[in-house]
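> pasting the sequence and the predicted model now:
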Amino acid sequence: MLYFKRKYFDKLSKKIGITFSKLSLSPNQWTLSSLILVVISFYFLVNQNFLIATIVFAFTISIDMIDGAVARVTNRVTIFGGYLDTIIDRLIEFIMILGLFLNQYPDFIIPINIWLLFLLFGSLMITYAKSSAFEKGMIKKELKGGGILEHPDRLILILAIILISNFSMLYASYLIVITTILVGITALQRFVIVIRG
């Protein structure tokens, strides 16, 4: 959803890029720093220090905006940078879902860890539906956007799950289930978009 609102963030993104480009970090270094932060967040998550995990993960999500903004402002947008960003994005999602998996959330209809496995699978399918369609020549250019939840939307929901965990594991379980369902719908939407051409 946030992808289609991106024009509203363009001015903010430019300001962020200008501000953070003054630091001596390249866009790729910013991208890699998000991986360090997510490992720290994971540590606090599995130790059920949900508040600190939330704060650190919020910084991780922020860097996802900073690296691209710095690259655009400094004219250092590269194919490798985009590729690295995509790989790190997948790692971040996996690490945080694994952190949720290693906690003891209450079950809902089926074991909560089954929901989390479907969440991970759905997140991967959203990405794969796009990249595979482009690779197989079903679409002429890479699919941008499509579906209820984009990568930033999913990260924000994971952030909300961690934050709510600090107050109620039960309500966090409900949000895990809702997020999993929305991710599944998004994966299906991506598939339909590709089929329709």
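Thanks, I have it.
> could you report the pLDDT at residue 5?
Per-residue confidence (pLDDT) for residue 5: 50.
> residue boundaries of the helices in this protein?
6-20, 27-46, 50-73, 79-101, 112-135, 151-165, 169-196 (DSSP state H).
> other SSEs contacting the last one?
The reference is to helix 169-196. helix 112-135, helix 151-165 (3 or more Cβ pairs under 8 Å, 6 or more residues apart in numbering; DSSP states H and E). Any C-beta I mention is one placed from the backbone N, CA and C, and that applies to glycine too.
> got it, and the fifth one?
For helix 112-135, the packing partners by 3+ Cβ pairs under 8 Å, 6+ apart come out as helix 79-101, helix 169-196.
> and that helix, how far out from the chain middle?
12 Å (Cα atoms, centre = their mean, to the nearest Å).
> quick check: angle from that helix to helix 169-196?
Between helix 112-135 and helix 169-196, the angle comes out at 20 degrees (axes from the mean of the first three to the mean of the last three Cα atoms, to 10 degrees).
> list the contacts of helix 112-135.
Contacts to helix 112-135, defined as Cβ atoms under 8 Å, 6 or more residues apart in numbering, come from residues 86, 90, 93-94, 97, 100-101, 105-106, 108, 139, 141-143, 146-147, 149, 154, 173, 176-177, 179-180, 183-184, 186-187, 190-191, 194.
> can you flag the buried ones in the residues you listed?
Buried subset of the contacts of helix 112-135 (neighbour count, 16 or more other Cβ atoms under 10 Å): 93, 97, 100-101, 105, 108, 143, 146-147, 149, 154, 173, 176-177, 179-180, 183-184, 186-187, 190-191, 194.
> which parts of stretch 80-99 are buried?
Residues 81, 84, 85, 88, 89, 92, 93, 95, 96, 97, 99 are the ones in stretch 80-99 that count as buried (16+ other Cβ under 10 Å).
> residue 156 versus the third one, what's the distance?
Spatial separation of residue 85 from residue 156 under the definition Cβ to Cβ, to the nearest Å is 17 Å.
> what of the fifth one?
Distance, residue 89 to residue 156, by Cβ to Cβ: 13 Å.
> what do you get for the fourth one?
To residue 156, residue 88 is 17 Å away according to Cβ to Cβ.
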